[in-house]
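Novice: model this:
(one chain, ligands or ions: 1)
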Amino acid sequence: MTSHIPAHDGAPEFPARSYEFTPYIDCKNWIAGQWRDAASGGALEVMNPRHGKKMGSVVLSGIEDVNAAVQAAKSAFPGWKSTPVKERAQVLFRLKQLMERDLEELAWLLSHENGKVYGQAKGSVLKGIECVEMGTALQNMIAGGRLEVSRGVTCRVVYEPLGVCAGITPFNFPSMVPLWMLPQALLGGNTFVLKPSEQVPYSAMKLALLLREAGLPDGVLNLVNGARPAVEGIVGHPEIAAVGFVGSTRVARIVYAEGSKQGKRMLCLGGAKNHLVVVPDADLEMSSRDIVASAFGCSGQRCMAAAVMIAVGDVQRIIDKMVEVANDMVLGQEMGCIINAESVERITRYIDEAEKMGAKVIVDGRNANVEGADGFWVGPTIIDQVTPDMPAACEEIFGPVLTIVHVDTLDEAIALENKSPYGNAASIFTSSGGVAEYATSRFQAGMTGVNIGVPVPREPFSFAGWNDSKFGHGDMTGMDGFRFWTRPKKVTGKWAPQTDQNWMS
Ligand code: NAD
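Specialist: You can find the predicted model right below:
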């Protein structure tokens, strides 16, 4: 069952090892171990956003395709469920090795479809590998849980899979976000239907091939590509037990409500507006470099990006240094591009509007371009003197734009952070332990940081925000992820009548 499929058995390869434009094969659905067209015959262009050119296409699936994937997953479920957990874990161990073997390929592929620069693409694949590693560790973390609860009576707990589960993922982390879900769901014994973002379908394609090579039986993971109709097919499907979603708050809210109405277990992560509070005793080098890296890494297209810096009192020396560091960034080498032309328009609109409302654009990334790459670009942008009521200060821009709001006291800064409907991340920059404790204990966010621009919890600490950044209970990764994709069954029993019985014997 876990026989190894030879590497690249006629499977598509992704040869790019530089930013040079490279066309790819068309991306189909992966159902029961076969590449299939969508029943509708529809397809969408997939762009290389760095070059602004079509690199391939992706099929647009509907309910028929979702049905086919669910039936494949349903057929594979009994075999996968009855596979011992240690054998399931071996597939993940092999996946980790294969991802390390193909790290360069995975990173370049991701860079081509998403537009991240190579180093940041590689970093995001490495974070995906860390999630796989967490999956391999789960077999040891879920052992035990047996107790003599009364004389001669024992109780134990086992975690059983839910059945066919599904994941719907965004464009910004094409291999990491699917790997927030797959290790826990698969190790837990579920079979899975993944709907990657239609803007970046290739990384999931490669992941499916690697999982097959790692020995995952056909039908355990299926890919259904497409957009809204595919999502609606998944969320409304009566045979899908649980859905993980990661994307914008607007869609997360709808998907969560619809799936919950259908009685499914739902966990939907949404958008963000992350606040970094900087007080005067903050370290100059550490703060300025971290804040710039947080705001402009991955071109600000990450849910953990710094969006609002709240400057408490006089922190001008830090702002000056941030301007210097941001101006030194080489677009196209240290910072990648924006996913599409509409996003460039949206980001530019927010900058223009803030400027019109009286804010000062002190680093201006508008009209940026990169020689030899005619794609979608906005450079690092810092807007100072932003007031909290401006849309740029409170709405998710999802681009390389950092707004700076000035306040007099730490309490005002915390109140401002607390007012945001989102609650993904918040950080404090200070040299004082007391200030750090005061702020982190008051932030209304699921992931908080001290002198950290991107306070992503590393595994096994789990990932998810609060408030409008998450709909559902628990976190997406770590042990919470495993609990989400499984249900506990308690077995209480005895094997001999007891002479010294009590009420539970
Ligand atoms: P998106 O919401 O547009 O798309 C996410 C997924 O939903 C995609 O697979 C897409 O095909 C599907 N979708 C889009 N519109 C839909 C609709 N009307 N009905 C049903 N399905 C629909 O998000 P995106 O632009 O791909 O990603 C960026 C967003 O994701 C940002 O808001 C970002 O903050 C968020 N994000 C959040 C996290 C987190 O952990 N909270 C992580 C990554 C990204």
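Novice: please make it C-alpha for all contacts and neighbour counts, starting now.
Specialist: Will do.
Novice: so what's the residue nearest the centre of the chain up against?
Specialist: Using CA atoms, centre = their mean, the residue of the chain that lies closest to the mean C-alpha position is Val177, 3.5 Å off. Counting by CA atoms under 8 Å, 6 or more residues apart in numbering, Val177 touches 128, 169-170, 246.
Novice: cool, and Met335?
Specialist: By CA under 8 Å, 6+ apart, the contact set of Met335 is 116-117, 296-299, 329.
Novice: which one of those is nearest to Glu198?
Specialist: Lys116 (16.8 Å; CA to CA).
Novice: tell me where the stretch 1-150 of the chain is predicted with low confidence.
Specialist: The model of the stretch 1-150 of the chain has pLDDT under 70 over residues 1-11.
Novice: how about the strands in it?
Specialist: Along the stretch 1-150 of the chain, counting by DSSP state E, counting those that start in this stretch, strands occupy 29-31, 34-36, 43-48, 53-59, 146-150.
Novice: which of the ones you listed sits most buried?
Specialist: Mean neighbour count, computed with mean count of other CA atoms under 10 Å, is highest for strand 29-31 among those, reaching a mean of 25.
Novice: got the residues of this protein near the ligand?
Specialist: Applying CA under 6 Å from any ligand atom, we find that the chain lies next to the ligand at 168-172, 196-198, 227-228, 231, 246-248, 251, 269-272, 302-303, 464, 469.
Novice: got the strands of the stretch 1-150 of the chain as JSON lines, with distance to Arg349 columns?
Specialist: Supplementary listing: these in JSON lines, determined by distance: least, CA to CA, whole Å:
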{"stretch": "strand 29-31", "distance to Arg349": "36"}
{"stretch": "strand 34-36", "distance to Arg349": "40"}
{"stretch": "strand 43-48", "distance to Arg349": "23"}
{"stretch": "strand 53-59", "distance to Arg349": "24"}
{"stretch": "strand 146-150", "distance to Arg349": "59"}
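Novice: which one of these lies nearest to Leu182?
Specialist: strand 29-31 (15.4 Å).
Novice: counting by contacts, list what that closest one packs against.
Specialist: With contacts defined as 3 or more CA pairs under 8 Å, 6 or more residues apart in numbering; DSSP states H and E, the packing partners of strand 29-31 are strand 34-36, helix 63-81, strand 221-223.
Novice: can we see that at 7 Å?
Specialist: Identification of packing neighbours for strand 29-31 by 3 or more CA pairs under 7 Å, 6 or more residues apart in numbering; DSSP states H and E yields strand 34-36, strand 221-223.
Novice: which residues sit against the first one?
Specialist: Right, the one you point to is strand 34-36. Strand 34-36 is contacted by residues 28-30 when judged by CA atoms under 7 Å, 6 or more residues apart in numbering.
Novice: reformat those as CSV; add distance to Lys96.
Specialist: As requested, the contacts of strand 34-36 are exported to CSV (distance: CA to CA, whole Å):
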residue, distance to Lys96
Lys28, 24
Asn29, 23
Trp30, 21
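Novice: quick one, phi psi at the one residue in the stretch 1-150 of the chain that gets nearest to the ligand?
Specialist: Across the stretch 1-150 of the chain, the shortest distance to the ligand (CA to the nearest ligand atom) belongs to Leu60, at 10.2 Å. Here is the backbone geometry of Leu60 (degrees, to the nearest 10): phi -110, psi 110.
Novice: neighbours of it, how many?
Specialist: 25 (other CA atoms under 10 Å).
Novice: what's the answer for Gly188, then?
Specialist: Counted with other CA under 10 Å, Gly188 comes out at 30.
Novice: please apply the same query to Lys261.
Specialist: 12.
Novice: ok, now which ones touch Cys298?
Specialist: When contacts are counted by CA under 7 Å, 6+ apart, Cys298 touches 116, 120, 335-336.
Novice: write the PyMOL selection for whichever of the residues of the chain next to the ligand are buried.
Specialist: Buried subset of the residues of the chain next to the ligand, written as a PyMOL selection, criterion 16 or more other CA atoms under 10 Å:
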select buried, resi 168+169+170+171+172+196+197+198+227+231+246+247+248+251+269+270+271+272+302+303+464+469
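Novice: out of the residues of the chain next to the ligand, which are inside helices?
Specialist: Using DSSP state H, 228, 231, 251 are the members of the residues of the chain next to the ligand that sit in helices.
Novice: quick check, nearest of the residues you listed to the ligand?
Specialist: Arg228 (4.1 Å).
Novice: name the nearest residue to Met55, ignoring sequence neighbours.
Specialist: Pro23 (4.4 Å; CA to CA, 6 or more residues apart in numbering).
Novice: I'd like the distance between that neighbour and Gln34.
Specialist: Applying CA to CA, to the nearest Å, the value for Pro23 to Gln34 is 22 Å.
Novice: got it, and His112?
Specialist: 24 Å.
Novice: please apply the same query to Trp180.
Specialist: Distance, Trp180 to Gln34, by CA to CA: 24 Å.
Novice: list the strands paired with the lowest-mean-pLDDT helix or strand in the chain, with their directions.
Specialist: Here the helix or strand of the chain ranked lowest by mean pLDDT, DSSP states H and E is strand 146-150, holding a mean of 91. Sheet pairing of strand 146-150 (DSSP bridges) gives strand 153-161 (antiparallel).
Novice: of the strands of the stretch 1-150 of the chain, which is nearest Glu345?
Specialist: The closest of these to Glu345 is strand 43-48. By CA to CA, the value is 16.8 Å.
Novice: sorry, back to before: TSV for the helices and strands packed on strand 29-31, including distance to Ser420?
Specialist: Formatted as TSV, the helices and strands packed on strand 29-31 follow (distance: least, CA to CA, whole Å):
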stretch	distance to Ser420
strand 34-36	44
strand 221-223	36
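Novice: what is the burial count for Lys127?
Specialist: With other CA under 10 Å as criterion, Lys127 counts 19.
Novice: from Val292, how far off is it?
Specialist: Taken as CA to CA, the span from Lys127 to Val292 is 21 Å.
Novice: break this structure down into its structural domains.
Specialist: 29-270+469-489, 274-450 (automatic domain parsing).
Novice: by contact count, what packs against whichever helix in the chain runs longest?
Specialist: Criterion DSSP H: the longest helix present in the chain is helix 118-141. Counting contacts by 3+ CA pairs under 7 Å, 6+ apart, helix 118-141 packs against helix 85-101, helix 103-114, helix 178-187.
Novice: list the buried residues of that helix.
Specialist: For helix 118-141, a neighbour-count test (16+ other CA under 10 Å) marks 118-122, 124-139 as buried.
Novice: distance to Ser18 added to the domains of the chain, as a markdown table?
Specialist: Shown next, in a markdown table, are the domains of the chain (distance: least, CA to CA, whole Å):
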| stretch | distance to Ser18 |
| --- | --- |
| domain 29-270+469-489 | 7 |
| domain 274-450 | 12 |
